[in-house]
Structure formats: structure tokens, C-alpha cells
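[1] Fold the following, please.
(chains A and B)
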Amino acid sequence: MLQLNSIDIKKQRKFVLVWGITFLIVFPLLITLGLLMRLNQGEEIQLGMDRFYTLMTLHGLGMAGVLYSMAFAALWYLIGTRHTKLNLGLGYFVYFVVLLGVIGLAYATLIGKFGAGWYLLYPLPFKGTNWPAWSTGLSIVSLILLGVAWIIGILHVVYALAKEYGGLTNLLGWQYLGKKNVQRELPPIVMITTISLVPGLIAYLAGAVFLFMNLFQHFEPALSFDALLLKNLAFFFGHTLVNITLYCCIGWVYALLPEFTGREWKTNKVLVYSWNATFVFILFAYFHHLYMDFAQPLALQYAGQFASYLSAIPATAITMFGVITQLYHSKIKWGIIPLTFLIGVAGWAIGGFSAVVDSTIAINKVLHNTLWVPAHFHTYMLTGVVLFIFGFLFYLSHTKEEQEKDKTAKIGFWLFVIGAHCFIATFYTGGMNSIPRRYADYKGIPINSTHTTGALLAQIAAICIGLLLIGLFIMYGSIFNKLRKGKNIPMVPSTNT
Amino acid sequence: MNFLSPLLSIQSFAAIISFIAAMLVVVVVIFLVITSSTEEDKYSVKHKVYKLRSRYFFALVICIVAGLFISLRLLPYAKFQSEPDETVTVVAMQWAWKIAPGVTDKNPVDFTGGSEITVPANKHIRFVVTSSDVNHDFAIYNSKGLLVAQTQAMPEYHNALEYIFPEKGDYHILCLEYCGLAHSIMSGIIHVN
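    Have a look, this model is predicted:
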């Protein structure tokens, strides 16, 4: 157990609050972009195609970036106050570089009208564009800044943990696989942090290669790269970023849920096998994004479906059954924190299942790039990751007693959950009806039923977004109210390991 | 999943099993909340849950093996396609489709074709799909607005998509890969007679 003085803990707390408040400011702004997009698709407003794709690009990049950054910051706090010392100066450096990258992206999209989508699908940023070349360059440089910041952050956390626990293999829990007794227990959050961040590092390096190739193309238009190779790099980077965001959140569910159930959740051999398998699945699952690229080698298509299917084993049989072991007959008091974790795990399970369905090549051939895709990733991001993040923010702002009694937070929470699931249901219905994704509107579709169904679903979705925003702001009220008072928060975080 | 049609489209099948799974999750959540009001020794709970977990594990492995076994026989790739009755060349460009019968050795930029084509029903039609600029996605919709087949249209690559049109009438082509400003109005027609 790490021994920190109260001043150091206060500094770490201040650091994570800086991230938290930034998240709370940016998150609803990005939701608003989503709302505008759905209103445009519902033919309630007229954004124009160029503005729509600009907002779509910023919404996608912004959400993926802000959710990952917040998940990373929460892990940083829990690791830095419980398991190993982390350098706050470097933490703030990461924060400011990320901020710079976000400002760059906002400028490139909102002012520069850059609208190539989050994945900059090569060679789209350079062909038939309706935005100036400088905004493409600024977007690439901004994304490089984000990548550099995230790589530095990961390297620091993993290096500090490896030093503390005696090497990377110990962080992966391999000492549990031998016959010898384990000298020092490995907290699950430390193993999960490693298993989330190391594949993240590999993916960010692939992303760096992708971005530099794009940068070279930007400065030398005569260059030409292989579109399939760049697509692989883009999806390896993007898919892994989103995937590890979720796993980072699961890390703190393992650490914090036992504080409310009173039941320990320790590392053992099964857990190590399970999470090490997850490590492999994280790296190979992204191939399911390229099923409709028939030119992709067949072995990689198989790898995509195998990895996606097999990832369900550790996720459900180990982690979700772990949650059941924690909660079943536990006499837990359902405060807002364990509630966010339980409903978050449910969102993960629901979104995960529909993702596995979509990862079936024989099904993907009629679901790919329909609204089914945003349906499943919004499920585990909006009703999984976001709830886990709010669970963490409630943990920062509320004492154990306060979180049990806070009815306002629970009202906001349920409004958000209902609004979010109804919003997502419009996406699933759209996918079932073959409504294309990434369409500014459906007016140009020559099939009348597709046009009208798509527009109607978008109108309903906009109402649902309104509901979830109300719930969100009620939760904000609860968090800021408690943060303002703040005196009851224990300065030394508790630990279950 | 072709054996499901005409009773059920693949989309409906996906939606139904996903809905059932979501309802199962809701039931588990409600069960956990209800049972959490009483207390049981944690070792006893562990024993019970681990027993259930073993059964779940084996059931899941069987489901995964069965899912892989069934679904991997229904792949849309060239290796699984039969000899076509007719071949059609499709070149995507920002923001139109160039379609013509037969195979071409022309550069995609120089290739000429219209946005409509006529093909026979109940015959193996092979679409050889490529792009002259950015990535697109050649998606075929039936008259009811249901997506029935698709493949990416990629610069420098040729993807062969096979489809047998079961009904006469008009099928629509939409682009399902974001390809720039006018992506949402990029369409074509396949007349099936």
C-alpha cells in the first residue's frame, strides 16, 4: 500500500478534478453537436451538408478523446493515490497538450470546416474536399499532439507501476501462474490498467504511423499510399482507443465496488488468464471493421470474428460474474455510486452483445455502416463508459453516506439512463431498417420508406437527447453542490486490496 | 443466415436476438437488486456463483463454437462464390456510380458507365467493384428498403460481390462509406427483369 501524505493526495485530487471539470464542460457541448445532427437528419433544422460533416467529425473525435482522457485521468488518480507515485508535473503536461490538441481540432472543424470524419479515411482528406488544406494539416497535427500526450501518459503510468511491482510480467499477473506463492498481491486495477494501456500504446504507435503518412501526403500531394493499409491502421487505432476506454473504466469498478459491498475482489489465476486473453482480443478484434473490404486477406477476416466472439468469455464469465458475486445477497445500500456501476455494467453487456452480433461476418454484410453501428457503440459508451465516469465523479464528490441519501442524483441518473436507452433504441431501429449512418439527411435516398423512417427516428432521437441532457444537468447539480461543500470527503482514499 | 429468409430478414434476426439478450440483462439486474436486500455469507455466495459460472462458461463456449460453425459457412467472399452467370463492372466516384456489363481492363478514371443497369432475376450476378478516387461502399437495397448486399469500393482494389436477385423490379444502390460532401445523395438503380 502506497503511503502518501495528505498534501500529495490533495494535489492528486485537484489534478483529477481539473480533468473532471474539463470533462463536464466539454461533454454536453459534444452531445449538443449530436443533437444538432439528429435534428438535421429529422429535417427540423437546416445545417447544410458541409456543416453537418464538420459537426460529425468533431463529435466523433471529441467524444472518443474526452471519454478516453477522463477514463485515463480517473485511473491515474486511483493508481497515483493507492499503488505508486505518479509525477503530477508530467500529468499537467499531458493535460495541457491534450487541451491544445482539442483546441486545434475544434478550430480545424468549426472554423476550418474540416469534415473527413473521425477516421480521416485515406485518401478522403485530400480528394474532393470542400475545406481548405490548412484545416486538414491542423487536424493531423492536433491528432498527433493528442497521441503524443496519451503515449507519454501511458509510458509514465506503466513504467511507474512496473518499477513498483517488479516488471511488466508481474503487472500482467504472470507470477500467479507459477507454482510459487505470490510474494506481493497484485490489485486487479493495476493488472487491468496495464492490460488496457499497453495495447493502447501499441495502437497509438500505429495511429502515429497513420498520422505521419497523412502529414507527408499533406505536404507532398504527389505521394500515394495503399488505402487498405491506412484503413487498417486507422481502425486499429480508433477501435482500440474506444475499447480500452471501456476497460479502463472496468479497472475502477473492480477497485471501488468492493468498498460498497464489503466483499474483496482479488487477483487469482483465473482472473489473470482471463485478462491476459483480453489483451490479445483487444489487439485483434478491430479486423471486424474491415469485413466489407473483400480485398483484406481472409485469415484476418476470420481473426476479426474469432477475437470478437472470444472476447465475450472473459467479459461475461469473469467480470460480469464477478459483479454478480459482489452483489448477490450482499445487503448493499443502493447509493448512486454502486447504482451507476451496476447499470453501467448492464449497458456494457447489452452493447457488447449487439457488437458481437455485428461482428458476425454473415450478419455484418447487411448491418455494416447502417445505424446499427452507432447503436452498439453508443450503448456501451453512453450507458456504460459515461455511467462509470459519473460513478467515479460521485465517488470524488460524495461521502459514502451522502451518495446513499442523494435523491437528486438518483433522479438525474434515471432520467439520463431512460433518455439514453430510448435514444439508442432509435439507432437500433434504424439499423434494423437499413438506415445508412453518416448521412447528413435522408432526403436524397430514392426509397421513400427509408427516407421517412430515417427522418422520423431522428426526430424521436432528438427528444430523447433532450431528456438525457436534463438528467445529466441534474447530476451536475448534485456533483457541484457536494464539491462546493467538499469538507466531508476523506483525504486518504480507502482501499480494498 | 440465408436459411432464415424468407421467414425472417437477417436484420430482424439480429434485432430479435439482441432484444432477447438485453431483456435477459434487465432480468439479471432486477434479480440482483431484489436479492441484495438480504445478506448471505460471502463464501457461500462465491460457491453458488462459481458453480453457475462453470455451467455458463460451457454453455457460452458451445454457443460460440456453434455460432462460428454456422456463420463462417455463409461468407460473402470470392472463395465462397460460385461461377457467375453475368458480370457487371462498378466504378464509384465522388459522387456517382459508373456501371456497365462485363469486365473492363480500363483505368477506373477512364471507365464509362451509367448509374443504372438491367440484370436478370434468379441468376448469379457478380459485381466487380472499385473506385476512381476515395473509398465508397456499394450497397444494394431492395424495393422494401432493406439492405441485401454490400462491398467496399476501394481505390486500387477490386472487390467481387455476388448476388442473386430473387424478385423482379427496381433495386437501389446507395453509398454506405462516407466519401465527402454529397455522400448522402450518391445513388443508382438496378432494374431486375
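[2] is chain A contacted by stretch B:116-133?
    Yes: counting by Cβ under 8 Å from any Cβ of the partner chain, chain A has neighbours in stretch B:116-133: B:D133. The way it works is simple: take the backbone N, C-alpha and C, and place the C-beta from them, glycine included.
[3] What mean pLDDT does that stretch get?
    What stretch B:116-133 shows for mean pLDDT is 96.
[4] and that stretch, which residues are buried?
    For stretch B:116-133, the neighbour count (16 or more other Cβ atoms under 10 Å in any protein chain shown) marks B:I117, B:V119, B:I125, B:R126, B:F127, B:V128, B:V129, B:T130, B:S131, B:S132, B:D133 as buried.
[5] Go through these and flag which are in strands.
    Per DSSP state E, strands hold the following members of these: B:I117, B:V119, B:I125, B:R126, B:F127, B:V128, B:V129, B:T130, B:S131.
[6] Tell me the secondary structure of A:A362, please.
    Following DSSP: H, G, I helix; E, B strand; the rest coil, the label given to A:A362 is helix.
[7] Show me the longest helix that occurs in the chain.
    No chain specified, so I'll use chain A. Ranked by residue count, the top helix of chain A under DSSP state H comes out as helix A:448-485.
[8] other chain: chain B
    Longest helix in chain B, counting by DSSP H: helix B:42-71.
[9] Could you confirm whether the helix or strand encompassing B:T87 reaches chain A?
    Under the criterion of DSSP states H and E, B:T87 resides in strand B:86-93. No: Strand B:86-93 is not in contact with chain A by Cβ under 8 Å from any Cβ; minimum separation 9.0 Å.
[10] and that strand, what does it pack onto?
    Applying 3 or more Cβ pairs under 8 Å, 6 or more residues apart in numbering or on different chains; DSSP states H and E, one finds that strand B:86-93 contacts strand B:96-101, strand B:116-119, strand B:124-131, strand B:136-141, strand B:147-153.
[11] So what's the model's average confidence on it?
    97.
[12] Show me which residues of that strand are buried.
    The neighbour-count check on strand B:86-93 (16+ other Cβ under 10 Å) flags B:T87, B:V88, B:T89, B:V90, B:V91, B:A92, B:M93 as buried.
[13] on that earlier part again, and the buried residues of stretch B:116-133, which is closest to A:S196?
    Comparing these against A:S196 with Cβ to Cβ places B:S131 closest, at 36.2 Å.
[14] how about the most centrally placed residue in chain A, phi and psi?
    The centre of chain A sits closest to A:T245, judged by Cα atoms, centre = their mean, with a distance of 3.7 Å. Main-chain torsions, A:T245, degrees, to the nearest 10: phi -60, psi -40.
[15] returning to that earlier point: for the ones in strands among the buried residues of stretch B:116-133, give me CSV that also has distance to A:I332.
    Formatted as CSV, these follow (distance: Cβ to Cβ, whole Å):
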residue, distance to A:I332
B:I117, 63
B:V119, 62
B:I125, 60
B:R126, 59
B:F127, 57
B:V128, 60
B:V129, 55
B:T130, 58
B:S131, 56
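[16] In contact with B:Y178, which residues?
    B:Y178 makes contact with A:Y53, A:G117, A:L121, A:L124, A:R438, according to Cβ atoms under 8 Å, 6 or more residues apart in numbering or on different chains.
[17] Double-check that it belongs to a helix.
    No: counting by three-state DSSP, B:Y178 is not part of a helix but coil.
[18] Can you say which two of the ones in strands among the buried residues of stretch B:116-133 are spatially most distant?
    Farthest apart among these by Cβ to Cβ are B:V119 and B:S131. That separation is 21.1 Å.
[19] Any idea how far whatever helix or strand A:H378 lives in is from the middle of the chain?
    Using DSSP H and E, A:H378 falls within helix A:372-380. Computed by Cα atoms, centre = their mean, to the nearest Å, the chain-centroid distance of helix A:372-380 equals 12 Å.
[20] Can I get it in CSV, CA atoms only?
    Taking C-alpha atoms only, helix A:372-380 is exported to CSV below (Å, rounded to 0.1, in the frame of the first residue of the first chain):
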residue,chain,number,x,y,z
TRP,A,372,-26.8,-0.5,-36.1
VAL,A,373,-23.1,0.5,-35.7
PRO,A,374,-23.7,3.8,-33.8
ALA,A,375,-26.4,1.9,-31.9
HIS,A,376,-24.0,-0.6,-30.3
PHE,A,377,-21.1,1.7,-29.6
HIS,A,378,-23.4,4.4,-28.2
THR,A,379,-24.8,1.6,-25.9
TYR,A,380,-21.5,0.8,-24.3
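[21] near chain B, anything from that helix?
    Yes: for a cut-off given as Cβ under 8 Å from any Cβ, helix A:372-380 has contacts with chain B, namely A:W372.
[22] and the next element down the chain from that helix?
    helix A:386-397.
[23] that older thread, ok, the residue nearest to the centre of chain A - contacts?
    Contact partners of A:T245, counting by Cβ under 8 Å, 6+ apart, are A:A64, A:L67, A:Y68, A:A71, A:M381, A:V385.
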